[in-house]
Structures are given as C-alpha cells and as structure tokens.
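# mind folding the following:
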Amino acid sequence: MKIEILHRTSYIYETPALDSVNEVRLTPRTNYRQSCYHHEVEVTPSCSLFTYEDYFGNRVHAYSVSAPHDSMTITVKSTVVTQKREQGAGRPRLPLNEQKLLLENEAFRDRYIEFLLPTDYTEQTPELQSFMKRQPIGNKEDLYAWARDLSSTIYNEFTYDPEATNVETTVKNALQLKRGVCQDYAHLMIAACRNVGMPARYVSGYHFIGDLQGGNADFEQASHAWVEVHIPGTGWLGFDPTNNAEVNWRYVKLGHGRDYKDIVPVKGVYKGGTSRLDVTVDVRLAED
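Below you'll find the model as predicted:
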C-alpha cells in the first residue's frame, strides 16, 4: 500500500533563540516490508542539512541555526510503499528447544548484545521480576507464540492514558501505574524479552488508521512506537502491544534503537528562554 506522511514540528520561542543545533530522525527505512520512494526535509529558518547514518543505521538530518530566530519549523514529507503480506509468511520457525539453545549460544548473544542489556528505561527491577513470573515460556508452542502472547498480556493489563506518564517514564514506573502510552508499552515488552534472553529493540514510526476512523477525514494522529523481537532462527518480527497487533502494512518504520533515547524523532539544544512545541502528523493512503 502507498502511504503518504506529513510530519510538521514547530517551536515558538519566548525570546529569540540562538545557536540552535538539532538532529532529525524522521526518514522511513527501506527493508523487506517497506520501501521509501520519496522523502524531503525542510527547515525554517533556512539552513544547510548534513545527513549521516547513526550506529543503528538510522538516517539522521543534522543542522544548526546560529542567528536569532523567534520560531523554527521542521516539515518532513515521505511516501512509503508497504507490503500487504504477513510479516512471518514464508519465514522458518524452529522448535522451542532449538530456539532456546540459540538464545544460550555465546555467538548469538555477542551479536545482539546491544538489544539484550538493560537500559535506564528497561531496568530489570523487582516489579519486572514479579510481572515475569506470570509469563512462562515452557507452556508455549515456541518463542514466537510467547512474544505474541506477551504483547496481548500487556495490552490487556494496561490502560492507555496520555496523561499518566511522560518521556522520562521507566518500566518500573509504568508497572506501578499500570497505564501509559505506546512508549511505555514498548519499553515493558522490551524489558520482558530481554529478561528471558531474547533480543528486543524499540521502533519509532507511524501507524495508519485513517480507514478505521471514517476514511481519510481529519483526525488527530501522532508518531507511534512498537517493538521488534529477534526470534531465533526466524529473525526480527514486529509487535505492537499498544494495539495488540503484529506489524503489517499499516506500520511505517522510521528507525530503531535500544530504547526511546536512541531514536528521538527531533532533538536539539539552543540558547534562549523557554519554547512552545506543536507537532502535527498526517498519515494517509495515497491516491493511485
């Protein structure tokens, strides 16, 4: 399916800002399930953009604005074609005992070590250990089934509440609150997977739901976050615990990292007073 995305980030400064230095990670990936056919980034005030790939292979647009400015707007337009086939179609599935042996393999662990170690957001706390006691692997068909059921458990046990948490919320906080947003759902699933030795990474992107909201009429959307889990012998598969879904054609991936901190869509520093942030996202099917 062809999906068009318009993502606009605006900052209004209380007093003129100086020496603003920024990074933008809003370029859709091209991989086995999606292809980015068009992408453009425009910054106002006008400036030069420097583009590179970070450690995780995410495309980064970096820039700086030295002169005083009252506002800044970053407009990103993309066109992505996603595949309609199921993510696991035609991919191998090993028996559970063989999957578990691979998890214990030293070469396997060394290869994916960045996605196995805890981070500030995904610490292995007593709250997580208590949660994990109710997520046994032994009674599942395989690790794919376990990951799918884990995603469903998080969806069923947590309440989506945009007012309950913020960008600093950790898994420990989220487990205490039992509520949060997609970032919190994703961090919990990542921490749970790493607890049993399964590599898991945080994914930033978009989720098209326009046809579920009465067509392409105007409605509020935002960036989305989900999880990719490495199933031994199969590879990386995407799960969205916020919506109790596996990744399909509706999902457009921007990038991935160990947690939210690695893949912040827009971040930067500047000299000056406080600012007001406004973000608008429009995700819609393109007309043929």
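# for the closest residue to Ile154 other than its chain neighbours, give its distance to Ala107.
With Cβ to Cβ, 6 or more residues apart in numbering as the criterion, Ile154 has its nearest non-adjacent residue at 4.0 Å, and that residue is Pro241. C-betas here are computed from N, CA, C, even on glycine. To Ala107, Pro241 is 29 Å away according to Cβ to Cβ, to the nearest Å.
# returning to what we had before: need the pLDDT of the residue nearest to Ile154.
Model confidence at Pro241, given as pLDDT, is 97.
# so what's it up against?
The contact partners of Pro241, by Cβ atoms under 8 Å, 6 or more residues apart in numbering, come to 150-152, 154-155, 185-186, 188-189, 226-227.
# in its sheet, what does the longest strand along the chain sit against?
The longest strand of the chain (DSSP state E) is strand 2-24. Sheet pairing of strand 2-24 (DSSP bridges) gives strand 59-65 (antiparallel), strand 69-82 (antiparallel), strand 266-271 (antiparallel), strand 275-285 (antiparallel).
# can I get these in CSV including mean pLDDT and mean neighbour count?
Formatted as CSV, the strands paired with strand 2-24 follow (pLDDT from 0 to 100; neighbours: other Cβ atoms under 10 Å):
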stretch, mean pLDDT, mean neighbour count
strand 59-65, 97, 18
strand 69-82, 97, 18
strand 266-271, 95, 15
strand 275-285, 93, 15
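# so how far is Gln87 from the residue nearest to Ile154?
Pro241 sits 15 Å away from Gln87, going by Cβ to Cβ.
# swap in Ala186?
17 Å.
# which residues touch the nearest residue to Gly180 once chain neighbours are set aside?
Using Cβ to Cβ, 6+ apart and skipping residues adjacent in sequence, the residue nearest Gly180 is Thr165, 4.2 Å away. Applying Cβ under 8 Å, 6+ apart, we find Thr165 in contact with 173-174, 177, 179-181, 183-184.
# only whichever of these are buried, select them in ChimeraX.
To isolate the buried ones among the contacts of Thr165 in ChimeraX, judged by 16 or more other Cβ atoms under 10 Å, type:
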select :173,174,179,180,181,183,184
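# can you list the contacts of Thr165 in CSV and add secondary structure and distance to Leu49?
Formatted as CSV, those follow (DSSP: H, G, I helix; E, B strand; the rest coil; distance: Cβ to Cβ, whole Å):
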residue, secondary structure, distance to Leu49
Asn173, helix, 36
Ala174, helix, 35
Leu177, helix, 39
Arg179, strand, 38
Gly180, strand, 34
Val181, coil, 30
Gln183, helix, 27
Asp184, helix, 32
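# between the contacts of Thr165, which is closest to Thr119?
Ranked by distance to Thr119 (Cβ to Cβ), these are led by Gln183 at 12.9 Å.
# can I assume that closest one is in contact with Thr170?
No - Gln183 lies out of contact with Thr170 (Cβ atoms under 8 Å); the separation is 10.6 Å.
# tell me the spacing between Gly255 and Ile5.
For Gly255, the distance to Ile5 - Cβ to Cβ - is 14 Å.
# helices along the stretch 151-288 of the chain, start to end?
171-177, 182-195 (DSSP state H, counting those that start in this stretch).
# hey, which of the ones you listed is tucked in deepest?
Per residue and on average, the most neighbours among the helices of the stretch 151-288 of the chain fall to helix 182-195, with a mean of 26 (mean count of other Cβ atoms under 10 Å).
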